[in-house]
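# what follows is a predicted protein model with its sequence.
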Amino acid sequence: MFFVLSKVFFFFVQPSNLALLAALLALVLARLGWRRMMRAMSGLALGLVILATLVPAGNLMLSFLESRVPDRALPERLAGIVLLGGILEDNRAGRLSVPMNAAGERFYGTLRLALRHPEARILVSGGTGRLLAGADAQAEAGQLAEMLIEFGVARERIVIEDASRNTYENAVFSARLVDDEAEGAYAIVTSAWHMPRAILVFEAAGWGHLYPQPVDSRVERPVLSPPLSVGAGFEKFDLAVRELIGLAAYRATGRTYAFLPRN
């Protein structure tokens with residue numbers, strides 16, 4: 001239920017959708033003659049556009065998130081590497097064409113670590129995070145594992161967790177497959193803006209020897225530079241708002257012990 005509610009809730013509150021809905025509602029209210037409400041909705045839509053572009057709010061919030069968990073120097077030997085999904089577009093990987101989204105650096109970051117640390121096993125975590133996944137939807141973890149094997153990673157090194165649909169399930173379901181207390185240090189690879197929530201929820205699930213390896217930074221420098229387009233501004237704004245809402249929701253429902261990890 002949490003998974004479904006989170007998807008539906010964010011559809012309506014993500015800034016780009018909210019701006020469009022407010023603008024459409026303003027048109028309806030104008031036809032009805034409700035001028036005060038029409039002005040309020042118009043102001044909301046315009047305000048969101050200004051925040052996404054002229055401020056720019058998305059880049060500022062992403063900069064804040066990405067600075068919360070810096071990467072930790074890895075020990076000489078690793079017990080394992082955790083790769084979090086959210087990489088494949090529509091969960092359809094072909095033999096000659098791999099439709100990765102903007103988080104594809106998670107895969108290549110994991111591959112680099114896997115080649116540098118041949119002693120470490122790789123735990124690939126990710127089912128399908130689509131709300132309306134069809135019967136033909138494939139779990140992402142299995143496809144990412146096959147891609148690692150094609151790049152030369154031995155099959156016996158890979159552990160697949162393919163039932164999770166969100167970060168909380170990534171942590172809980174993965175914890176059932178390994179005993180990091182007994183095995184030792186695990187590197188965790190995910191996007192820099194997502195690392196605060198990942199670290200919090202993995203620690204809450206019992207992981208104790210985690211070395212964050214953030215990749216996929218979305219912050220443009222200088223931080224206050226306006227985006228090149230409204231679409232680019234809203235892309236960052238949507239991403240940052242979604243992650244902050246996720247952090248708040250996980251804290252409110254007891255999935256984490258704090259809103260943000262200690263810096």
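Received, thanks. Numbering: from 1, shown residues only.
# could you use CA atoms for every contact and neighbour count after this?
Will do.
# ok, I158 touching I122?
Yes - counting by CA atoms under 8 Å, I158 does reach I122; the two are 4.8 Å apart.
# compare those two (neighbour count), which wins?
Per other CA atoms under 10 Å, whichever of I158 and I122 has more neighbours is I122, with 29 against 20.
# now the more buried one, what are its backbone angles?
With angles defined as degrees, to the nearest 10, I122 sits at phi -120, psi 120.
# now the helices for the stretch 151-263 of the chain?
Counting by DSSP state H, counting those that start in this stretch, the stretch 151-263 of the chain has helices at residues 167-175, 180-183, 195-204, 230-252.
# lowest-confidence stretch among those?
With a mean of 64, helix 180-183 has the lowest mean pLDDT of these.
# quick check: domain ranges of this structure?
Following automatic domain parsing, the chain resolves into domains at 2-66+228-252, 80-215.
# least reliable of those domains going by mean pLDDT?
Looking at the domains of the chain, the bottom one is domain 80-215 with a mean of 88.
# quick one: end-to-end distance for that one.
Chord length of domain 80-215, first to last residue, is 17 Å (CA to CA, to the nearest Å).
# hmm, back to that, deepest of the domains of the chain, which one?
Among these, ranked by average contacts under mean count of other CA atoms under 10 Å, first place goes to domain 80-215 (a mean of 19).
# what about L111, which helix or strand?
Taking DSSP states H and E as the criterion, L111 maps to helix 105-116.
# what does that helix rub up against?
81, 83-84, 87, 120-122, 144, 148, 151, 153, 189-191, 215-216 (CA atoms under 8 Å, 6 or more residues apart in numbering).
# of all the domains of the chain, which one is nearest R72?
Closest to R72 of these is domain 80-215 (CA to CA; 5.6 Å).
# how far off centre is that closest one?
12 Å (CA atoms, centre = their mean, to the nearest Å).
# go on, stretch 68-77?
20 Å.
# what sits up against it?
117, 119-120, 185, 187, 192, 195-196, 211-214, 260-263.
# could you measure from G104 over to P222?
For G104, the distance to P222 - CA to CA - is 24 Å.
# angles on the backbone of the residue lying closest to F12 once chain neighbours are set aside, please.
Spatial nearest neighbour of F12, chain neighbours left out: L18 (6.0 Å); criterion: CA to CA, 6 or more residues apart in numbering. The phi and psi values for L18, taken as degrees, to the nearest 10, are phi -60, psi -40.
# what of the one 3 residues further on?
When quoted as degrees, to the nearest 10, the phi and psi of L21 stand at phi -60, psi -40.
# any idea how far the residue sitting nearest the centre point of the chain lies from T128?
For the chain, the residue lying nearest the average C-alpha position, counting by CA atoms, centre = their mean, turns out to be H194 (4.8 Å). Using CA to CA, one gets 17 Å for the distance from H194 to T128.
# can I get the CA coordinates of stretch 38-51 in CSV?
The C-alpha trace of stretch 38-51 is given here as CSV (Å, rounded to 0.1, in the frame of the first residue of the first chain):
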residue,chain,number,x,y,z
MET,A,38,-8.2,31.9,-10.6
ARG,A,39,-5.6,34.5,-9.6
ALA,A,40,-4.4,32.1,-6.8
MET,A,41,-4.0,29.2,-9.2
SER,A,42,-2.3,31.4,-11.7
GLY,A,43,0.1,32.7,-9.1
LEU,A,44,0.9,29.1,-8.0
ALA,A,45,1.7,28.0,-11.5
LEU,A,46,3.9,31.1,-12.1
GLY,A,47,5.6,30.8,-8.8
LEU,A,48,6.6,27.2,-9.5
VAL,A,49,8.0,28.2,-12.9
ILE,A,50,10.1,30.9,-11.3
LEU,A,51,11.3,28.5,-8.6
